[in-house]
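1. For reference, the sequence and a predicted model appear below.
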Amino acid sequence: MTLVAGIDSSTQSCKVVVRDLASGALVREGRAAHPEGTEVHPDAWWAALLSALTAAGGLDDVAAISIAGQQHGMVVLDADARVIRPALLWNDTRSAQAARDLIDEFGAADLASRTGSVPVASFTATKLRWLRDAEPDAAARVAAVALPHDWLTWRLRGYGPADESELGPVLEELVTDRSDASGTSYWNPRAGTYDRDILVAALGHDAVLPRVLGPAEPAGTTIAHTATAAATTAATGRPAAAAESTDVAGTTTTVTIPAGIVVGPGAGDNAGAALGLGATEGDVIVSIGTSGTVFAVTGAPSSDATGTVAGFADASGAFLPLVATLNAARILDSTAALLGIDHDTLGTLALAAEPGSHGLVLQPYFEGERTPNLPDATATLFGMTMASTTRENLARASIEGLLCGLADGLDAVRAVGVEPRRILLIGGAALNPAVQQIAAQVFDVAVTVPEPGEYVANGAALQAAWTLTGTRPSWPVSLVASPAADHRPIIREQYAARAAAAPTAPTPAALTPIASPA
Ligand SMILES: Nc1ncnc2c1ncn2[C@@H]1O[C@H](COP(=O)(O)OP(=O)(O)O)[C@@H](O)[C@H]1O
Ligand SMILES: O=C(CO)[C@@H](O)[C@H](O)COP(=O)(O)O
């Protein structure tokens with residue numbers, strides 16, 4: 001049996017799957033938690049990856065591997081390949097003003113046509129501009145910029161600072177793929193080239209950028225080496241990466257990497273999920289993890305000058321128009337914690353309330369919001385009366401608020417030409433039966449739920465198999481639930497009415513004056 005491995009280094013954790021190349025069957029898996037926070041030292045991801053690999057039984061019998069990961073995170077390296085400062089993650093909003101500055105300098109339409117997207121605080125270019133403005137000494141030392149999956153792939157292949165790696169600080173060996181490059185705001189998905197003018201405008205100077213590999217183009221093969229990481233995140237002062245629910249702060253994980261494992265190009269996590277699901281025309285994927293995302297694989301690139309839909313590339317040579325929200329599964333985590341219950345009980349309570357939650361509406365911008373672009377917004381609960389303010393209605397309102405934001409995202413991907421025939425619901429919160437049932441009430445498209453699984457890691461494993469053999473596998477994906485269509489327009493109508501009246505209502509991008517480039 002030939003085995004391939006796929007990794008999802010996501011916001012909250014690192015997940016590893018090992019699969020049979022021929023059938024796609026899951027052979028073994030492992031996971032490890034990431035630190036909390038929107039600023040994380042990449043060493044913590046490396047420690048979690050090695051810990052998850054160990055939990056998944058190591059790589060001795062694995063023929064190929066690929067790493068997918070959270071998009072956009074800013075990993076900055078100096079000339080000795082040392083990480084200059086903790087990475088700013090996609091959900092860190094401190095670069096909101098930097099995004100506005102870049103839009104003022106280039107114009108939204110120009111950025112959309114050059115990079116497929118109008119940047120918000122999530123995008124890497126805005127984080128580089130923030131670094132240039134807020135930490136100019138650090139910015140001046142930047143010799144290379146990478147994304148989370150690029151840096152982890154490079155470390156796995158044996159590169160890194162001289163005293164921590166077998167092959168040393170060879171920045172030119174950094175690689176990425178089309179899907180993750182398209183989330184930087186300095187890569188053009190139509191042309192397949194970096195836009196170094198935007199990079200220089202953001203960072204203040206040029207830098208080494210990872211070589212962009214095509215689908216199934218190998219990053220290389222591993223050399224035999226020992227990879228070691230200490231489970232500590234001293235740079236952030238936050239908890240150590242650790243096997244979930246196990247405190248291993250201060251422990252060191254060592255993994256023996258054998259020679260000759262083919263390393264695939266990797267992917268952004270959403271593109272990885274599209275690969276893992278085998279998404280085809282008519283499929284819209286709705287993922288409810290830390291981020292909420294709505295996306296589809298399309299043959300043609302998109303560019304939305306309003307900034308709502310990001311015009312990403314996918315991991316198969318096609319494109320991936322995508323809407324992302326900053327608040328998703330954690331809305332339910334917060335509400336469950338507030339009510340002092342677990343996720344299952346939250347779901348049970350929610351299903352005991354009527355659609356529309358008796359007028360209770362949660363606009364769930366707990367961490368600011370990305371779509372709509374309201375980085376400083378806070379959450380608001382509308383419609384509180386003696387009758388509506390019950391635990392049941394609050395539980396349901398939290399799920400309805402989450403899903404209404406994603407339904408707005410579905411409308412936006414439709415507006416760039418996607419014609420959805422079914423929704424594939426994935427991500428941690430999609431496991432919740434109440435989320436599945438209420439999704440069938442909020443979306444006006446049939447909702448289907450694939451069997452529980454790590455679809456980003458599965459996509460990375462499939463990419464590893466594709467890279468090894470040169471042929472894209474077609475592994476089966478079972479659907480476990482198709483909640484009966486039960487569309488209840490009232491849910492979105494009352495949400496839209498509250499959003500329109502809210503003080504945080506967004507200014508339509510079309511009405512925002514955009515300065516011409518200098
Ligand atoms: N049954 C459930 N109901 C609601 N939320 C859940 C459930 N199971 C897991 N989650 C939430 O899903 C999130 C993790 O999902 P995941 O897709 O792995 O996120 P990420 O990829 O961003 O790390 C966590 O916030 C977790 O609390
Ligand atoms: O920013 C985006 C997409 O543009 C997010 O999808 C991140 O890629 C994080 O994903 P999760 O860790 O929440 O799955």
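-> Thanks, I have it. Ligands and ions are numbered 1, 2, ... in the order given.

2. where are the low-confidence patches of this protein?
-> 231-250, 503-518 (pLDDT under 70).

3. In it, where's the longest helix?
-> When every helix of the chain is counted residue by residue (DSSP state H), the longest turns out to be helix 391-415.

4. In the chain, what residue comes closest to ligand 1?
-> Residue of the chain nearest ligand 1, by C-beta to the nearest ligand atom: G428 (2.1 Å). Quick note: C-beta positions are derived from backbone N, CA and C, even for glycine.

5. didn't that residue look like it was pressed against A329?
-> Yes. Proximity of G428 to A329 meets the contact threshold set by C-beta atoms under 8 Å, at 5.0 Å.

6. sorry, back to before: could you list the buried residues of the longest helix of the chain?
-> If you call a residue buried by 16 or more other C-beta atoms under 10 Å, then helix 391-415 has these buried ones: 391-410, 412-414.

7. What about ligand 1: which of the residues you listed touch it?
-> Of the residues in those, proximity to ligand 1 by C-beta under 6 Å from any ligand atom holds for none.

8. ok now do the residue sitting nearest the centre point of the chain, which residues does it touch?
-> The centroid of the chain falls nearest to Q70 when counting by C-alpha atoms, centre = their mean (3.8 Å). Shown in contact with Q70 (C-beta atoms under 8 Å, 6 or more residues apart in numbering): S9, S10, T11, L89, W90, P148, D269.

9. now do V17
-> A5, G6, L26, R28, E29, A56, E454, A457, N458, A461.

10. burial measure for G359, as a count.
-> 17 (other C-beta atoms under 10 Å).

11. For it, which non-adjacent residue is closest in space?
-> G383 (4.0 Å; C-beta to C-beta, 6 or more residues apart in numbering).

12. That neighbour against G356, yeah?
-> No. Look at G383 against G356 with C-beta under 8 Å: they stay out of range, at 9.4 Å.

13. Pull up the overlap in contacts between the two.
-> With C-beta under 8 Å, 6+ apart, G383 and G356 have common neighbours Q494.

14. Specify which residue of these two has the higher count of neighbours.
-> G356 (23 against 17).

15. Grab the nearest non-local neighbour of the more buried one.
-> In space, G356 is closest to I490, 4.6 Å off (C-beta to C-beta, 6+ apart).

16. okay, now that neighbour: neighbour count?
-> What I490 shows, counting by other C-beta under 10 Å, is a neighbour count of 15.

17. Could you do A313 as well?
-> Neighbours of A313 under the rule other C-beta under 10 Å: 28.

18. Test my guess that it contacts P189.
-> Yes. Counting by C-beta under 8 Å, A313 does reach P189; the two are 4.3 Å apart.

19. Which neighbours do the two have in common?
-> In contact with both A313 and P189: G116, R178, S182, P301, F319, using C-beta under 8 Å, 6+ apart.

20. These in strands, which ones?
-> Under the assignment DSSP state E, the shared contacts of A313 and P189 contribute F319 to strands.

21. which of the shared contacts of A313 and P189 lies closest to ligand 2?
-> S182 (9.6 Å).

22. and the gap between the residue nearest to G356 and D177?
-> As judged by C-beta to C-beta, to the nearest Å, I490 and D177 stand 43 Å apart.

23. if we can go back for a sec, buried only: go through the contacts of V17 for me.
-> So, by 16+ other C-beta under 10 Å, the buried ones in the contacts of V17 are A5, G6, E29, A56, E454, A457, N458, A461.

24. Which strand or helix spans the residue in the chain sticking out farthest from the centre?
-> In terms of distance from the mean C-alpha position of the chain, M386 ranks first, at 39.3 Å (C-alpha atoms, centre = their mean). Under DSSP states H and E, no helix or strand contains M386.

25. How about G276?
-> Going by DSSP H and E, G276 is in helix 269-277.

26. Could you check the helix or strand just after that helix against ligand 1 for contacts?
-> The helix or strand immediately downstream of helix 269-277 is strand 283-288, counting by DSSP H and E. No. Using C-beta under 6 Å from any ligand atom, strand 283-288 stays clear of ligand 1, coming no nearer than 6.8 Å.

27. Tell me which residues are up against the helix or strand that comes right after strand 283-288.
-> Using DSSP H and E, the helix or strand that follows strand 283-288 in sequence is strand 292-295. By C-beta under 8 Å, 6+ apart, the residues outside strand 292-295 that reach it are 270, 274, 284-287, 312, 320-325, 327-329, 402, 405-406, 409-410, 412-413, 427.

28. can you list contacts of the following helix or strand past strand 292-295?
-> Next along the chain after strand 292-295, taking DSSP H and E as the criterion, comes strand 310-313. Contact with strand 310-313 is made by 112, 115-117, 178-179, 181-183, 189, 268, 270-271, 295, 301-304, 319-324, 416, as judged by C-beta under 8 Å, 6+ apart.

29. Pull stretch 325-333 out as CSV, backbone CA atoms only.
-> In CSV, the C-alpha atoms belonging to stretch 325-333 read as follows (Å, rounded to 0.1, in the frame of the first residue of the first chain):
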residue,chain,number,x,y,z
THR,A,325,-16.2,36.5,7.3
LEU,A,326,-14.1,37.0,10.4
ASN,A,327,-16.7,35.7,12.8
ALA,A,328,-17.9,32.1,12.3
ALA,A,329,-17.6,29.0,14.6
ARG,A,330,-16.4,31.2,17.5
ILE,A,331,-19.8,33.0,17.5
LEU,A,332,-21.2,29.7,18.7
ASP,A,333,-18.2,29.1,21.1
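
30. Buried residues of that stretch, list them for me.
-> For stretch 325-333, by 16+ other C-beta under 10 Å, it's T325, L326, N327, A328, A329, R330, I331, L332, D333.

31. Got phi/psi on the third one?
-> Which is N327. phi -110, psi 120 (degrees, to the nearest 10).

32. How about the residues of the stretch 1-150 of the chain by ligand 1?
-> S10, T11, Q12, S13.

33. Most neighbours among these, which one?
-> S10 (25 neighbours).

34. from what I can see that one touches A273, true?
-> No. S10 lies out of contact with A273 (C-beta under 8 Å); the separation is 10.3 Å.

35. what residues do those two have in common as contacts?
-> V456.
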